[in-house]
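Chemist: build me a model:
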Amino acid sequence: MITRTGIIEGAMAGSPDPGSDKTARQARTVALVIAGTMLLWMGAQFVGGEMGWPLKYTFLFDLAALAGFLWALVVTYQIWRKRQG
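Modeler: Have a look, this model is predicted:
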């Protein structure tokens, strides 16, 4: 609602909701985890191939990358649900 002084008040005031800073921080964290996980996984694959590491070690890095991506997926779903409701 617009008052006589022209100030917008109420739900449509455009003010961010109190949880938006936390949500934005979570989204940035997810983005960093996804990018970091991908870079570390690619680096481990390259170094493992160059140094001739046994497959069990490269598989260990694969599992760690899957864990990072799964965490990012879960947090992204939580952010999405928070914004829906």
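
Chemist: surely Val33 touches Gly68?
Modeler: Yes - counting by Cβ atoms under 8 Å, Val33 does reach Gly68; the two are 5.8 Å apart. Where C-beta positions appear, they are placed from N, C-alpha and C, glycine not excepted.

Chemist: secondary structure element holding the spatially most central residue of the chain?
Modeler: In the chain, the C-alpha nearest the mean C-alpha coordinate belongs to Val30, at 1.4 Å (Cα atoms, centre = their mean). Secondary structure from DSSP states H and E places Val30 in helix 20-51.

Chemist: now do Trp71
Modeler: Element membership of Trp71 [criterion: DSSP H and E] is helix 55-84.

Chemist: buried sites along that helix?
Modeler: Across helix 55-84, burial judged by 16 or more other Cβ atoms under 10 Å covers 61, 65, 68, 72, 79.

Chemist: relative to Lys82, how far out is Leu40?
Modeler: Distance from Leu40 to Lys82, counting by Cβ to Cβ, to the nearest Å: 28 Å.
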